[in-house]
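Asks: Task: produce atomic coordinates for the following.
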Amino acid sequence: MPIPCPLNVFDIAGGDNTLVGIVTFDSNVHFYNVTKDQTQPQMMVMADVADVYAPMSSQLLAKLSDCRGQLAELLSSIPTMFAAAQGPESCAAAAIEACVELLKPTGGKLHAFVASLPNHGSKALKMRDGSATNIGDKEKQQALLAQDNTYYTLASQAADYNVCIDVFLLPQAYIDVATFSSLTNTTGGSLYHYLPFNPLMDQDQLLNDLKWNVSRPQGLEAILRVRCSAGIDVESYVGSFYKPPTSPTDLYLAAIDCDKALVAKLVMTEKLSPNSEVYLQCALLYTTTDGARRIRISTLALPVSDQMGAVFKGADLDTQLASLTRQVAVTLPGGMTGAGKELILARITGILSAYRKYCATSSSSVQLILPEALKLLPLYSLALQKSPLLRPDVRIDERSLWIATMVSASCPRTLGLLHPRLFAVHQLIAAGSMPPAGHLPEQLVLSSEVLDQGGVYLLDNGADLLIYMDQEANDKLVQDVFGMPNMEALLRAPQPLPVIQQDNPASRLLFELLTALRLSRCAFMRLRVAKKGDPYYPLFVNMMVEDRSTAGMSYVEYLCHVHRQIQDKMS
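Replies: Numbering: from 1, shown residues only. Model (predicted):
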């Protein structure tokens, strides 16, 4: 099914002076001349996909202002042109390599849309599914590594020429996310994965992801350096960037955008004097999408204290969680999930035992004492252990996607993915209106204990929206929300089940809430219906992180477990 491509997709950062081009592929790579002197796009075919090259970029890249109509016409005709192309061969990797060659003279961004495993031509991949039942845990973890270094080498070449690669994966089955993530993580790109891709259900999410990608605040050709005052130094970085061997201090980012963050790990190189200050400075040199070269400098002065109480009082929970999550994510490829869980527990135990030792010595040892700034750290660490990063029942592509995402995710996105927001839709409908502008309904605890009989709930984790309706819901609520006569009809309805706005107050309130959540996340987020017996119901249940499940203990049990670990450490 073709996906419509409205003209406002071309309202991109950089405006009408942006150079654009289109390349398609099946078993061959097809370039299109869309320059203004062409009455209609002219196709050029590269049949040799083992020895990749690119024609002259001056013929294949044109100003958006000069070719907007031709691009729209070409995009509309592509589904018809390739309607009969049903061959199993895909040279997606060769097409990406050719586009990198095409962009080397200018730099820029490449958006690659891939629907199946590249199995033909340069950098073809082999089928390997780490979720197979006949292999061990070690082999599954090895499948989180790229198949070889060829994709990283290609990404390094792209980064050298300031080419950023964004990859949109639209498969029906395994597609080796781990290998594709080398392209995005090295060039500062974004990785999107829609599985199983359904054009009818997923076209809105895909178009919104693409439109936000090309229009969000972003910079190109960036170089970043973090400087520290005496006594502090940068030990390492974690994020999406390229660090050439010849540059010990600078990070190179072919592109940087508002949805990503870098973590710099600092170490003390000498003793610091109490009551003094340390200074941190981050300098980012980049090119705007309009072509202006700019530098942004952020300087931070922090007081030095020899009082542990002051350190814990100034602790930042979101930063602690983002740092811990990245530390776990980078150790998973080739490692073991058990080691990741042990790392989390050791980190939490170390922080909380230090607080008890230095800040709460007068408290009873039978009490678990949590610092005010980090009182939710055990909850979030439990959510991390139950996430697809470490859960045992996760497909290898999904785990690879989470690793790639968490390595560069901002603090708000990290928190959203690990600890979703849960809302009682039936209570919102009973209230009759949304809260005042800028506010959301009250969030619920992520536990099945708060789910009312006959209730309707909406869960938002920043990537997906899940709507769950209890089986005891009354017929009017089912009719108002889903347009179906009763719960029995809803349970029989096949998935994927579209949720369409109905002409009634309840449905309008639901869609007002959906819009507010999507705006708050800067993401469209597909809406899925979680029904008992369907694939989305276990996903909803797994996000109830405070409940005991196959992924781990309940929150109360986990607090007791952490407390015992602290007592053992203190004894």
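
Asks: you'd agree Arg526 is up against Gln205?
Replies: Yes: the pair Arg526 / Gln205 is scored as a contact, 4.6 Å apart, by CB atoms under 8 Å. For glycine as for every other residue, the C-beta is placed from the backbone atoms N, C-alpha and C.

Asks: In contact with the nearest residue to Ala373 once chain neighbours are set aside, which residues?
Replies: Nearest residue to Ala373, sequence neighbours excluded (CB to CB, 6 or more residues apart in numbering): Ala315, at 4.4 Å. Ala315 sits next to Pro371, Ala373, Leu374 when contact means CB atoms under 8 Å, 6 or more residues apart in numbering.

Asks: which secondary structure element contains Ala315?
Replies: For Ala315, there is no host helix or strand (DSSP states H and E).

Asks: how close does it sit to Asp470?
Replies: Ala315 sits 39 Å away from Asp470, taking CB to CB, to the nearest Å as the criterion.

Asks: With Ser364 instead?
Replies: The spacing between Ser364 and Asp470, counted by CB to CB, is 42 Å.

Asks: These two: who's more crowded?
Replies: Legend: neighbour count by other CB atoms under 10 Å for Ser364 and Asp470, higher for Asp470 (16 against 7).

Asks: ok, the more buried one touching Leu451?
Replies: Yes: judged on CB under 8 Å, Asp470 makes contact with Leu451 at a distance of 6.8 Å.

Asks: Buried ones in the worst-scoring helix or strand of the chain on mean pLDDT, by neighbour count?
Replies: Lowest by mean pLDDT, DSSP states H and E among the helices and strands of the chain is helix 57-60, with a mean of 77. Buried positions in helix 57-60, judged by neighbour count with 16 or more other CB atoms under 10 Å: Ser57, Gln59, Leu60.

Asks: just stretch 311-331 next, same as before
Replies: By neighbour count on 16+ other CB under 10 Å, the buried set for stretch 311-331 is 311-312, 317, 320-329.

Asks: In strands, which of those residues appear?
Replies: Per DSSP state E, strands hold no members of the buried residues of stretch 311-331.

Asks: so how far is stretch 40-48 off the chain centroid?
Replies: 34 Å (CA atoms, centre = their mean, to the nearest Å).

Asks: I'd like the mean pLDDT over that stretch, please.
Replies: Taken as a whole, stretch 40-48 has an average pLDDT of 88.

Asks: can you check stretch 290-305 too?
Replies: Summarised as a single mean, pLDDT over stretch 290-305 is 95.

Asks: can you check stretch 333-349 too?
Replies: Averaged over stretch 333-349, pLDDT sits at 93.

Asks: What of stretch 109-127?
Replies: pLDDT averaged over stretch 109-127 gives 95.

Asks: SS state for Phe351?
Replies: Check again: residue 351 is Ile, not Phe. Look at Ile351: counting by DSSP: H, G, I helix; E, B strand; the rest coil, its state is helix.

Asks: what sits against it?
Replies: Gln320, Leu374, Leu377.

Asks: Kindly supply the ChimeraX command isolating those of the contacts of Ala315 that are buried.
Replies: To isolate the buried ones among those in ChimeraX, judged by 16+ other CB under 10 Å, type:
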select :371,374
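
Asks: could I get the contacts of Ala315 as TSV with distance to Leu513, secondary structure and pLDDT?
Replies: Shown next, in TSV, are the contacts of Ala315 (distance: CB to CB, whole Å; DSSP: H, G, I helix; E, B strand; the rest coil; pLDDT from 0 to 100):
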residue	distance to Leu513	secondary structure	pLDDT
Pro371	34	coil	94
Ala373	31	helix	95
Leu374	31	helix	96
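
Asks: re the thing from before, tell me the pLDDT at the residue nearest to Ala373?
Replies: pLDDT, Ala315: 94.

Asks: mind listing the strands for the stretch 401-550 of the chain?
Replies: 421-424, 456-460, 464-469, 526-530 (DSSP state E, counting those that start in this stretch).

Asks: can you list those strands in JSON lines and add mean pLDDT, mean neighbour count and distance to Ser182?
Replies: Converted to JSON lines, the strands of the stretch 401-550 of the chain look like this (pLDDT from 0 to 100; neighbours: other CB atoms under 10 Å; distance: least, CB to CB, whole Å):
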{"stretch": "strand 421-424", "mean pLDDT": "97", "mean neighbour count": "21", "distance to Ser182": "32"}
{"stretch": "strand 456-460", "mean pLDDT": "96", "mean neighbour count": "22", "distance to Ser182": "30"}
{"stretch": "strand 464-469", "mean pLDDT": "93", "mean neighbour count": "22", "distance to Ser182": "25"}
{"stretch": "strand 526-530", "mean pLDDT": "91", "mean neighbour count": "21", "distance to Ser182": "26"}
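
Asks: Among the ones you listed, which comes closest to Pro248?
Replies: Closest approach to Pro248 among the strands of the stretch 401-550 of the chain (CB to CB): strand 464-469, 40.8 Å.

Asks: could you say what helices and strands the closest one packs with?
Replies: strand 456-460, helix 475-482, helix 505-521, strand 526-530, helix 536-542 (3 or more CB pairs under 8 Å, 6 or more residues apart in numbering; DSSP states H and E).

Asks: Okay, buried residues for the last one please.
Replies: Just to be clear, that refers to helix 536-542. Tyr536, Leu539, Phe540, Val541, Asn542.

Asks: now what about it, what contacts it?
Replies: Under CB under 8 Å, 6+ apart, the answer for helix 536-542 is 386, 391, 448, 459, 464, 466, 468, 495, 528-531, 547, 549, 551.

Asks: Quick one: closest of the helices and strands packed on strand 464-469 to Ala254.
Replies: Judging the helices and strands packed on strand 464-469 by CB to CB, what sits closest to Ala254 is helix 505-521, at 25.2 Å.

Asks: Now do that closest one, average pLDDT.
Replies: Helix 505-521 comes out at a mean pLDDT of 94.

Asks: With that, I have no additional questions.
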